[in-house]
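In: Pasted the sequence and its predicted model underneath.
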Amino acid sequence: MKHPIICILALLALLMAACDSGDIEEQAVTTTDKGRVVKLTATVSGIGAWDKKYSVSLAGFTTGDNYAQVVRALPNTTTDGTAVEVVLSNIGDDINTVELAITNRLRERIITLASVNMDDAGDTKDTIRMELGTVDVSTFGALQFGLFDRACIQCHGGNGGAGAAGLNLTAGHAYASLVDVPSTRKEGAVRVVSGNAQESLLHQIMAEGGENLLHVNHTEILSNQFKENLNEVRQLIDDWIGTLQN
């Protein structure tokens, strides 16, 4: 029987020989670049009323593509007035904007509520913060942020006045100026008929063929603002009108 010390020395010799000959593989530590990160913080309301075909999402888009490359939906069970934090990671260098947007099941952008230009952020590895304060993400809130504020209040409500046609579409005034209110420009028409999109003047002036209903071509104006998703915005308006009750 060999002495234990002799056995240990022999084993050490074998291990050293294996290392010298390259028989033992060297462990490699691989680091992967998972892209940039955006963190949204906001206090939200109105998210629970959305139809299941829509989501309120933090989403990343490339220029000219209306479909999100990466997306993280806000929980639709969020109670009104709740502060939420949503982190979107794996944002590649090809993504130009990260947006709080209404998207559908295909990740298609319907309307944008807020956005961050990722080109301005460069190649930073720090978390990019998107702090929005209090946001109404209901259907009407989305239309206010994404449609009225973006494309309409220049004519309807600027400088504190009611604007063209006596219509004020600024925040806090738009709903009362639209819903079940007779038009001042088209006799017998109602701006928004609760529950009936087809009979609503808002639907009619935005639909195909509605260019000549009033003195201003609203479809052309909106086409300039919503080059890639005008039809989706039209559908969102119709869906909102359909939820209204007298």
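Out: Received the coordinates, thanks.
In: just to confirm, which helix or strand has Leu88 in it?
Out: strand 82-91 (DSSP states H and E).
In: And Leu113, by the same measure?
Out: Leu113 belongs to strand 109-117, assigned by DSSP H and E.
In: Next, work out how far apart the spatially closest residue to Asn90 that is not a sequence neighbour and Met130 are.
Out: The shortest distance from Asn90 to any non-neighbouring residue, by Cβ to Cβ, 6 or more residues apart in numbering, is to Gly35 (4.8 Å). In this view, the C-beta of every residue, glycine as well, is placed from N, C-alpha and C. Distance of Gly35 to Met130, given as Cβ to Cβ, to the nearest Å: 16 Å.
In: Give me the residues contacting stretch 206-218.
Out: 155, 164, 185-186, 201, 204-205, 219-220, 222, 233-234, 237 (Cβ atoms under 8 Å, 6 or more residues apart in numbering).
In: and which of those residues is nearest Ile110?
Out: Within those, proximity to Ile110 (Cβ to Cβ) peaks at Val233, which comes in at 7.0 Å.
In: circling back to that earlier point, pull out the buried positions in the strand holding Leu113.
Out: For strand 109-117, the neighbour count (16 or more other Cβ atoms under 10 Å) marks 109-114, 116 as buried.
In: Give me the helices and strands touching that strand, please.
Out: strand 54-61, strand 97-104, strand 128-136, helix 139-143, helix 230-243 (3 or more Cβ pairs under 8 Å, 6 or more residues apart in numbering; DSSP states H and E).
In: one more time with 10 Å, if that's ok
Out: In terms of contacts (3 or more Cβ pairs under 10 Å, 6 or more residues apart in numbering; DSSP states H and E), strand 109-117 is packed against strand 36-45, strand 54-61, strand 97-104, strand 128-136, helix 139-143, helix 230-243.
In: So what's the predicted local confidence for the most centrally placed residue in the chain?
Out: By Cα atoms, centre = their mean, the chain has its centre lying nearest to Ala101, at 1.4 Å. As predicted, Ala101 sits at a pLDDT of 97.
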